[in-house]
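Asker: mind looking at a prediction? Sequence and model below.
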Amino acid sequence: MVAISSNNQKQLLSKIATNDGHGENSAYFDGWKAYANDPFHHTENPNGVIQMGLAENQLCFDLIQEWVVNNPKASICTAEGVDDFKDIAIFQDYHGLPEFRQAVARFMEKVRGDRVTFDPERIVMSGGATGAHEMLAFCLADPGDAFLVPTPYYPGFDRDLRWRTGVQLFPVVCDSSNDFKVTIKALEEAYEKAQESNIKVKGLLINNPSNPLGTLLDKDTLKNIVSFINSKNIHLVCDEIYAATVFNKPKFISISEIVEEQVGSCNQDLIHIVYSLSKDLGFPGFRVGIVYSYNDTVVNIARKMSSFGLVSTQTQHLIASMLSDEIFIEKFIAESSERLGTRHGLFTKGLAQVGISTLKSNAGLFFWMDLRKLLKEPTFDAELELWRIIINEVKLNVSPGCSFHCSEPGWFRVCFANMDDDTMRTALRRIRNFVLQTKGLNNKAAIKKQCSRKFSKLQISLSFRHMDDFMNSPAHSPMNSPMVRT
Ligand SMILES: Cc1ncc(COP(=O)(O)O)c(C=O)c1O
């Protein structure tokens, strides 16, 4: 076969296919590659990289498995369910199975504490929230138009909303001075800046609960946001895919509650919810994504577009059955939230013991870790330098704040729900050892300061492994602390 140069490929293929809009060349995805090249395994690769860059909810699969075993009729590939095989296999209506839409609408109500109602007729399917975002971007904006989005934000948004649609994302800069809250001032500033750059703003994208922060938007903020988009006459897309991951007070408030409270006073045609079962149920592989729009025209157009990313009928059938089992679902939601809370508490308290703080949060499958004190200097280069040490020496794939467009260097997202308890203990021990050693060396550094100005914080990496051996001895293991024992 004749090799074709990448320049030649670019000429042969489309601009969309060959541009770098996918965003694969970021630290976020590099971390995944580092994990893929050297994945941790307790016995087969105990010094491998632990994956903490994947927001997956794997803590309740025992419950799901039990339900699947007890409900063989839910699958069309069992003796009990095979009678439905033909009907399910030939169904191809892009409205989806009525029982699926009904069950998803009901589930969305349950997750929101039964304080709102959802109309199954407004449920439009897509391939995960990924497909839902792109579908909405296609419906709401033209190439070159922009959505405002508060920072830090989920790196996938760059791919999902921008890549194939030609839409832009314009940052609403939030920072740690007020715990990254979204303020009207920040929204107005971003809107004005976009106007000054001749960029047409078509909407605001919010993510509540937030990935990567794990925090919720409070009611006043949500009301302010609705007033803001109404005053500008722009759309509001609310990604609520972490709605059922809330594990502590305050409770989650959905944009749908504001819509129902403000009937008549807010323009509902501007409001659209993105939902999926990837996080709340932990099924990213099923690709169940939802657009729920309050705008009739958007529902109609999105439904037509959904032909490009339907959820397979087999999956719809299984999910309809599972979600309709309300007793199971209630138990699942409660248990999942409890297990997430326990895991989050163990991790963040374990870190607090060695002086590492995290942004106070009560939702999500991750927390936002503050390593600003460990940076050689307050720059994104220094953040990436520290991140490389964490990946290559500490062997943890956490994600640097710059990949979330964070405005301040030194923050890292740490996922905690995609691993078993033993892996969690190993990960926590590695971070703690790393920090303890860093501190030790910093103290030494202070003493040596007069002698050698060349000593750098980042030299810690060289002897980290020895510290790990030392700390792993039973007498010194931080895991002997009652705070981190399970
Ligand atoms: C905020 C947010 N939106 C959308 C997605 C994509 O989800 P899905 O797997 O349903 O496509 C993710 C995945 O991590 C996410 O964190």
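Answerer: Sure thing, it's come through. Bear in mind the structure is a predicted one, so any value in this text is a computation, not a measurement.

Asker: show me where this protein has strands.
Answerer: 50-51, 123-127, 146-150, 168-172, 201-207, 235-239, 271-276, 288-293, 357-358, 366-370, 396-397, 399-400, 411-415 (DSSP state E).

Asker: any idea how far residue 311 lies from residue 68?
Answerer: Separation of residue 311 from residue 68 (Cβ to Cβ, to the nearest Å): 18 Å. Bear in mind the C-beta positions are built from the backbone N, C-alpha and C, glycine included.

Asker: show the pLDDT at residue 340.
Answerer: pLDDT, residue 340: 98.

Asker: hang on, it packs against residue 58?
Answerer: No. Applying Cβ atoms under 8 Å, one finds residue 340 not in contact with residue 58, separated by 10.8 Å.

Asker: and those two? which has more neighbours close in?
Answerer: residue 340 (25 against 12; other Cβ atoms under 10 Å).

Asker: do you know how far the more buried one is from residue 390?
Answerer: 23 Å.

Asker: could you do residue 342 as well?
Answerer: For residue 342, the distance to residue 390 equals 25 Å [Cβ to Cβ].

Asker: who has more neighbours, those two?
Answerer: Each of residue 342 and residue 390 has its neighbours counted (other Cβ under 10 Å); residue 390 has more, 23 against 13.

Asker: for the stretch 301-450 of the chain, which residues score under the pLDDT cut-off?
Answerer: Applying pLDDT under 70 to the stretch 301-450 of the chain picks out residues 440-450.

Asker: check contacts around the residue lying closest to residue 369 once chain neighbours are set aside.
Answerer: Spatially, and ignoring its direct neighbours in sequence, residue 369 is nearest to residue 412 (4.7 Å; Cβ to Cβ, 6 or more residues apart in numbering). Applying Cβ atoms under 8 Å, 6 or more residues apart in numbering to residue 412 gives the contacts 368, 369, 371, 387, 390, 398, 399, 400, 401.

Asker: ok, these vs residue 320, which is closest?
Answerer: If you rank these by distance to residue 320 using Cβ to Cβ, residue 399 comes first, at 34.6 Å.

Asker: what about that closest one, neighbour count?
Answerer: Counted with other Cβ under 10 Å, residues neighbouring residue 399 total 27.

Asker: ok, how many other residues are close to residue 256?
Answerer: Residue 256, neighbours per other Cβ under 10 Å, totals 21.

Asker: from the ligand, how far off is it?
Answerer: To the ligand, residue 256 is 17 Å away according to Cβ to the nearest ligand atom, to the nearest Å.

Asker: so that residue is in contact with residue 112, correct?
Answerer: Yes. Using Cβ under 8 Å, residue 256 is in contact with residue 112, at 6.6 Å.

Asker: tell me the predicted confidence for the most centrally placed residue in the chain.
Answerer: Most central in the chain under Cα atoms, centre = their mean is residue 211, positioned 4.2 Å from the mean C-alpha point. For residue 211, the pLDDT comes out at 98.

Asker: list the contacts of the residue lying closest to it once chain neighbours are set aside.
Answerer: Of all residues not flanking residue 211 in the chain, residue 154 sits nearest, at 4.6 Å (Cβ to Cβ, 6+ apart). Shown in contact with residue 154 (Cβ under 8 Å, 6+ apart): 207, 211, 212, 239, 404.

Asker: pick the one among those closest to residue 326.
Answerer: So of the contacts of residue 154, ranked by how close each gets to residue 326 (Cβ to Cβ), first place is residue 239, at 25.4 Å.

Asker: surely the closest one is in contact with residue 129?
Answerer: Yes. Taking Cβ under 8 Å as the definition, residue 239 is a contact partner of residue 129 at 6.4 Å.

Asker: between those two, what contacts are shared?
Answerer: Shared contacts of residue 239 and residue 129, counting by Cβ under 8 Å, 6+ apart, come down to residue 274.

Asker: in this structure, which residue sits closest to the ligand?
Answerer: Relative to the ligand, the nearest point of the chain is residue 128 (2.6 Å; Cβ to the nearest ligand atom).

Asker: per-residue pLDDT, residue 481?
Answerer: 32.

Asker: number of nearby residues for residue 76?
Answerer: Neighbours of residue 76 using other Cβ under 10 Å come to 19.

Asker: kindly report the same for residue 204.
Answerer: Residue 204: 25 neighbours (other Cβ under 10 Å).

Asker: neighbouring contacts of stretch 248-264?
Answerer: Contacts of stretch 248-264 (Cβ under 8 Å, 6+ apart): 111-113, 115-118, 206, 208-209, 216-219, 222-223, 226, 236, 238, 240, 243, 246, 266, 268, 271, 273, 294, 341, 362-363.
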